[in-house]
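> based on what follows, work out the 3D shape:
(chains A and B)
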Amino acid sequence: MSNMHKPAPRVAGKRLLVVGGTSDIGRAVADAYAAKGWGIDLAARDVRGAARNAGDIQTRHGIDHVAVHPIDILDTGSFEAFIDGLGDLPDTVVCVVGMLGDQPRAQTDPDHATAIMRTNFEGPALLLEALAGRFAARGRGLIVGISSVAGDRGRASNYVYGASKAGFSAYLSGLRNRFGQTNIRIVTVKPGFVRTSMTEGMDLPGVLTATPEAVAQRILALEAGQTNVVYVLRAWRLIMGIIRSLPEPIFKRLKL
Amino acid sequence: MKDLSGWGRYPRQIGALTTATSPDTAQTATTRGAGLIARGLGRSYGDAAIGRETTLSMTGLNRMQSFDPETCLLTTEAGVSLAEIIACFLPRGYFPTVVPGTKFVTVGGMIASDVHGKNQHNDGTFGHHVAWLTLALPNGQILRCAPEENAELFHATIGGMGLTGTILTAAFRLKPVESGWIRQTTHAAKNLAEAIALLRQTERATYTVAWIDVLARGASLGRSLILAGEHAKQDDLPGGYRQFPPVSAGRLGVPIELPGWVLNTASVSAFNALYYRRGAQKSGQTTLVPFDSYFFPLDGISNWNRIYGVRGFVQHQCVVPNENAEEVMTAILDILSSRGEGSFLAVLKCLGPGAGLMSFPRDGLTLALDLPVSEKRLALLAEIDVLVAKAGGRIYLAKDACQSRATLNAGYPNAAVFRQIRREMGCADLMASKLSERLDL
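Sure thing, here's the model as predicted:
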């Protein structure tokens, strides 16, 4: 009976911050880390929804630390206070914040276009900048930014979203270059299609579509390794490689 | 619009499907619905989880809420699956107090069907271990129901097939276990009388159930293997056994509907004879089996329901009061074996009372069969229903696709009270499934 309630192997004292804690990918990432014994901080605008996920993670894994922190990714002036409010600085931060938006609407509604650009680029970039500064002071940390294959080249079907993700990818690349000689790692993750509430109702090709759990396992695997840019499904690296290499005179005639 | 059916793939119905992503959205859908029923993982066999107008998918309510190791009380949203509960809590030394024959069911579905398991004779049904639940009513109210709070509605909701409102969350008890292994003891019974006697003798075991060869005839009619089980303690495990075997994900699959002739009298008969002989050789022996293969033998094969072909199958489970049990079971087995209707999986078990107003279990002996759908077999089941009703027995609603209103009313004396409660709660017309429409519940 002595070791009847023997817990699973734990990683003592490690902390994960998920920004976008109500998203399906954010939930899956938090769950995967919690299963390894990490303490979890969930940041989200929808505090009630994040608390629902926090209760779930706490119950499933019986871990000591799960907390919810309100954040508005568009309120860039609040980020330093947000980080102070975390208490312990996280060991790893995964930023899942994103907004697909509506491309046709964004073409005629500048407010909508601005919201897409700020939510996908400005907010996440400045938040990770602030966190990178704290990590630099400490001397270590892992930053994972969820960008998108849509940022690899602007296409008619979603270029407002794509351009904002391209900006985010470039920002992450810059941070990576800046911290290249240090113990601060920056990883860009491009999931491709993922079956989430963001893509619900879309007719997605099965072979190119990952589950949130698969994305989460790829991110967890980054803890050991030196990866810089991750395409969750390898086929996407090939597809986007081809799309990127098409000469512009040909590319502009295509319906993509 | 979606092609909806139960696990038996009969009957099928094109209908509207709405997806709830949270308790809030499930409540809103319940308020807006007319002829609505909640659906979990779709493992009820017949038409119970098909809405008369709209079906509300509940699998998005998949968050656990809290667990108290002192009381072993787990609180979850209604769409959490038993598979997830076992995956999370077995490695921590807890197991659900009652589990049905598949782990791909939701908490809401287990309550609505008041499911039972191989320990029903000792531990009652799942509903006996529910401390409280929250229920969304069509009028917009959310009521907390417990044995001492809204008690009448609580008892109508347990086993109430989702017809008293949409279950949003529930708290229920797990039990501590020392391992994920079962010490299984097999006993061979040469005929029905022996099988019933052995089931009664093994009632002191935590779990007991009989696999029955329904095609055996004459002196062998009702020959069975009785499988008694106990949770293995740590000391029972030889070296090299992992304390908690991994939870199977159901990788093996049946990719297409098999042609109807694959499962015929000859193949089922040959399989049954072989299975019985192998079991009989082990009679009296005790072996260690992982919990997955003891409780959920078919979960290892995803989409096993496709083996019955495109027309689907009906699962039929009846319970007959003890005083008439042997006589009625003999008559049922006579009908099946004399017409060469083999059931691939047939199960015999002793039952005690259920927890709800409309729960299936009652004192008696239960027999579960599955048969591929055909006109002839539906007529045969109607004959069996008459025998069951005459003996004071009843048919399990979670498996039913074809019983008559007369059989239902004879078997469930609380049906009138149940209808009255549905009217009082404003559910009579608004919460409705194809099953409630068929049976006028």
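> chain A: helices as residue ranges?
Secondary structure of chain A (DSSP state H): helices located at A:24-35, A:47-61, A:79-85, A:103-108, A:110-117, A:123-138, A:159-178, A:212-221, A:234-245, A:248-251.
> and of these, who's closest to B:Leu90?
helix A:47-61 (12.3 Å; CB to CB). Bear in mind the C-beta positions are built from the backbone N, C-alpha and C, glycine included.
> buried stuff in the top strand by length along chain B?
Using DSSP state E, we find that the single longest strand of chain B is strand B:166-176. With burial defined by 16 or more other CB atoms under 10 Å in any protein chain shown, the residues of strand B:166-176 counted as buried are B:Thr166, B:Ile167, B:Leu168, B:Thr169, B:Ala170, B:Ala171, B:Phe172, B:Arg173, B:Leu174.
> so what sits opposite the last one in the bridge?
Listed beta-bridge partners, B:Leu174: B:Pro96 (assigned using DSSP bridges).
> would you agree it is in contact with B:Leu74?
Yes. Contact criterion CB atoms under 8 Å: B:Leu174 and B:Leu74 qualify, at 5.6 Å.
> what parts of the stretch 51-200 of chain B come near chain A?
Within the stretch 51-200 of chain B, the positions lying close to chain A (CB under 8 Å from any CB of the partner chain) are B:62-67, B:69, B:74-76, B:84, B:88, B:91-93, B:176, B:178.
> can you tell me which of these are buried?
For those, a burial check counting by 16+ other CB under 10 Å picks out B:62-65, B:67, B:74-76, B:84, B:88, B:91-93, B:178.
> can you give me the helices in chain B?
For chain B, the helices defined by DSSP H occupy B:23-32, B:82-89, B:107-112, B:120-123, B:151-157, B:192-201, B:265-281, B:291-295, B:322-338, B:375-390, B:405-411, B:415-424, B:434-439.
> any idea which of these is most buried?
Comparing the helices of chain B by mean neighbour count (mean count of other CB atoms under 10 Å in any protein chain shown), helix B:107-112 ranks first with a mean of 30.
> list the helices and strands it packs on?
For helix B:107-112, the elements it packs on are helix B:82-89, strand B:166-176, judged by 3 or more CB pairs under 8 Å, 6 or more residues apart in numbering or on different chains; DSSP states H and E.
> hmm, 10 Å instead?
Secondary-structure packing of helix B:107-112 (3 or more CB pairs under 10 Å, 6 or more residues apart in numbering or on different chains; DSSP states H and E): strand B:36-39, strand B:73-77, helix B:82-89, strand B:130-136, strand B:166-176.
> now these as CSV including mean pLDDT and distance to B:Arg311?
Formatted as CSV, the helices and strands packed on helix B:107-112 follow (pLDDT from 0 to 100; distance: least, CB to CB, whole Å):
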stretch, mean pLDDT, distance to B:Arg311
strand B:36-39, 98, 22
strand B:73-77, 98, 35
helix B:82-89, 94, 28
strand B:130-136, 98, 36
strand B:166-176, 98, 32
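> tell me which of the ones you listed sits nearest to A:Lys190.
helix B:82-89 (29.0 Å).
> show the pLDDT at the residue in chain B sticking out farthest from the centre.
Distance from the centre of chain B peaks at B:Gly239, with 35.2 Å (CA atoms, centre = their mean). As predicted, B:Gly239 sits at a pLDDT of 88.
> before we move on, what about the one 5 residues further on?
The per-residue pLDDT reported for B:Phe244 equals 91.
> kindly report the same for the one 10 residues further on.
Listed pLDDT for B:Val254 reads 64.
> just A:Gly151 next, same as before
Model confidence at A:Gly151, given as pLDDT, is 95.
> for stretch B:343-353, buried residues please.
Under 16+ other CB under 10 Å, the buried positions of stretch B:343-353 are B:Ser343, B:Phe344, B:Leu345, B:Ala346, B:Val347, B:Leu348, B:Lys349, B:Cys350, B:Leu351, B:Gly352.
> nearest residue to the last one in space, please, no chain neighbours.
In space, not counting the residues next to it along the chain, B:Gly352 is nearest to B:His121; the distance is 5.4 Å by CB to CB, 6 or more residues apart in numbering or on different chains.
> contacts only, for that neighbour.
Residues in contact with B:His121 (CB atoms under 10 Å, 6 or more residues apart in numbering or on different chains) are B:199-200, B:202-209, B:349-352, B:361, B:363.
> nearest to chain A among these?
Closest approach to chain A among these (CB to the nearest CB): B:Thr206, at 17.6 Å.
> tell me the confidence at that closest one?
On pLDDT, B:Thr206 comes in at 97.
> just give me the neighbour total for it.
Counted with other CB atoms under 10 Å in any protein chain shown, the neighbours of B:Thr206 add up to 15.
> shouldn't it be in contact with B:Glu230?
Yes. B:Thr206 is in contact with B:Glu230 according to CB atoms under 10 Å; the separation is 5.3 Å.
> spell out which residues are contacts of both of those two.
Shared contacts of B:Thr206 and B:Glu230 (CB under 10 Å, 6+ apart): B:Ile182, B:Arg183.
> one step back: ok, so of the buried ones among the residues of the stretch 51-200 of chain B next to chain A, who is nearest B:Ala406?
For those, the residue nearest B:Ala406 by CB to CB is B:Thr76; the value is 38.2 Å.
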